[in-house]
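> Whatever this is, show me its structure:
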Amino acid sequence: MFERSTPRIAATCAAALLVLGGAAACGDDSSAGADGNRVDVVAAFYPLQFVAERVGGDAVAVTNLVKPGAESHDLELNPQQVGQLTDAEVVIYLKGFQPAVDEAVDQQAADRAFDVATAVPLLDAAAGGHDHDHEGEDGHDDGHDDHGHEDEASPEPTAAEDDGHDHDTSGKDPHFWLDPTRLATVADEFAKRLGEVDADRAADYTARAQALRTELTALDQEYEQGLATCQRRELVTSHSAFGYLADRYKLEQIGITGLTPEDEPSPQRLAEVTEEAKLHGATTIFFETLVSPKVAETIAREVGAQTAVLDPLEGLQAGSTGDYPSVMRANLTTLKPALGCS
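Numbers count the residues shown, from 1 in each chain. Presented below is the predicted three-dimensional model:
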């Protein structure tokens, strides 16, 4: 779905599955299901771990397949991880984001998997300001009302037209969690799934999801207020991970590369972004954690701008003591002076 490379489950595990005819060969008795009093949940990457832990509370045991500091897009599963996924009572993942997880879910956990894309509509890769120097025909066709809130009756957001740039604008943009309101909706739906698995504590899951929604709504309001009056509304980013943030808060993303951060931009694209950055008076070129800042630094030198980190929150940094709300607030703190917000 997301036009990424397709890493496979570790060959040793695949061989074990073929020989033994089951996933037990890929795990051990302690990897999952060891605590009969808690629901064993496997989360495919960090924002989903955050949701599972906050909604499940002490009633769940959550395993994240991606280690802190690792890149989540191109995860390859080792035998132990496949065993954890196989033994889990619920797997929360985003279909199309991590091909190896998709493959393992299809083979071992299809009946226990919760695809978060079924809870929130995903933007087309070209939407939310992705790699565009213009908006949709009506100026901002994003399904929001005048205050930036989603219209509950509105259809899936409409993608802006393709501008002809030479990078990935096909498929869907997976980074929905950078819109706190969408993450809250995922939490609501995940509470329902946990309640189906563990009916005795269904009311507790619902209550925790409601509490999380309240917290994420407050975070959303902080962003709306913080970005309401800015001198600039263009984000020049090293890769196009911030379309949902741009869509939600009426910003425009100018991505140096597309949805694949490892892609090298063409000389033409570098020239285009440099020209757009100059045109909009950009003072900051953003690069992200886990990705080299060299391209952002090159454009910053050409423009006479500085660089700053904007975290796409696909995972936490190794040794980090933060969580989703704190990293989102750190992003807001970075954005406000960069965009000249009062």
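> ranges for the helices of this structure?
Here the chain has its helices, by DSSP state H, at 11-20, 46-56, 79-87, 99-104, 180-197, 202-226, 243-248, 267-279, 294-303, 324-339.
> by contact count, what packs against the fourth one?
When contacts are defined as 3 or more CB pairs under 8 Å, 6 or more residues apart in numbering; DSSP states H and E, helix 99-104 sits against helix 79-87. Every C-beta, even on glycine, is put in place using the N, C-alpha and C of the backbone.
> What is the helix it packs on packed up against?
Applying 3+ CB pairs under 8 Å, 6+ apart, we find helix 79-87 packed against helix 11-20, strand 39-43, helix 99-104.
> about what we covered before: go through the helices of the chain and name the closest to residue 124.
The closest of the helices of the chain to residue 124 is helix 243-248. By CB to CB, the value is 9.1 Å.
> can you give me how far that closest one is from the chain middle?
Computed by CA atoms, centre = their mean, to the nearest Å, the separation of helix 243-248 from the middle of its chain amounts to 12 Å.
> With stretch 102-121 instead?
Centre to centre, stretch against its chain (CA atoms, centre = their mean), the figure for stretch 102-121 is 16 Å.
> Quick check: buried residues in it?
Using 16 or more other CB atoms under 10 Å as the test for burial, stretch 102-121 gives 102-105, 108-109, 112-117, 119-121.
> What average pLDDT does that stretch get?
In this model, stretch 102-121 has a mean pLDDT of 96.
> Any stretches of the stretch 201-342 of the chain with poor pLDDT?
The model of the stretch 201-342 of the chain has pLDDT under 70 over residues 259-263.
> ok, now the stretch 51-200 of the chain?
Using pLDDT under 70, the flagged stretches of the stretch 51-200 of the chain are 126-170.
> which residues in it form strands?
With DSSP state E, counting those that start in this stretch, the ranges of strands along the stretch 51-200 of the chain come out as 60-64, 90-93, 113-115.
> and the ones you listed as CSV, adding distance to residue 247?
What follows is the strands of the stretch 51-200 of the chain, written out as CSV (distance: least, CB to CB, whole Å):
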stretch, distance to residue 247
strand 60-64, 27
strand 90-93, 23
strand 113-115, 21
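> Buried deepest among the ones you listed, which one?
Comparing the strands of the stretch 51-200 of the chain by mean neighbour count (mean count of other CB atoms under 10 Å), strand 90-93 ranks first with a mean of 25.
> Report the buried residues of stretch 196-210.
197, 198, 201, 204, 205, 206, 208, 209.
> do the same with stretch 247-266
Using 16+ other CB under 10 Å as the test for burial, stretch 247-266 gives 247-261, 265.
> start to end distance for it?
With CA to CA, to the nearest Å as the measure, stretch 247-266 spans 26 Å from end to end.
> can the helices of the chain go into a markdown table with extra columns for distance to residue 39?
Output for these, formatted as a markdown table (distance: least, CB to CB, whole Å):
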| stretch | distance to residue 39 |
| --- | --- |
| helix 11-20 | 24 |
| helix 46-56 | 7 |
| helix 79-87 | 12 |
| helix 99-104 | 19 |
| helix 180-197 | 6 |
| helix 202-226 | 9 |
| helix 243-248 | 29 |
| helix 267-279 | 46 |
| helix 294-303 | 42 |
| helix 324-339 | 21 |
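> Just say which of the ones you listed is most tucked in.
Buried most deeply of the helices of the chain, by mean count of other CB under 10 Å, is helix 243-248, with a mean of 28.
> and it, what other elements does it pack with?
helix 202-226, strand 252-257.
> Backbone dihedrals for residue 66, please?
phi -110, psi 120 (degrees, to the nearest 10).
> Go ahead and confirm it touches residue 316.
No: applying CB atoms under 8 Å as the test, residue 66 and residue 316 come out as separate, 9.4 Å apart.
> Give the intersection of the neighbour lists for these two.
Listed as contacting both residue 66 and residue 316 by CB atoms under 8 Å, 6 or more residues apart in numbering are residue 46.
> returning to what we had before: adding distance to residue 287, write the helices and strands packed on helix 243-248 out as TSV.
Listed next are the helices and strands packed on helix 243-248 as TSV, based on distance: least, CB to CB, whole Å:
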stretch	distance to residue 287
helix 202-226	21
strand 252-257	9
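> Of all those, which one comes closest to residue 83?
helix 202-226 (25.7 Å).
> now the angle from that closest one to strand 39-43?
Here the directions of helix 202-226 and strand 39-43 differ by 30 degrees (axes from the mean of the first three to the mean of the last three CA atoms, to 10 degrees).
> Please identify which of the buried residues of stretch 247-266 is nearest to residue 91.
For the buried residues of stretch 247-266, the nearest to residue 91 is residue 259 (23.3 Å; CB to CB).
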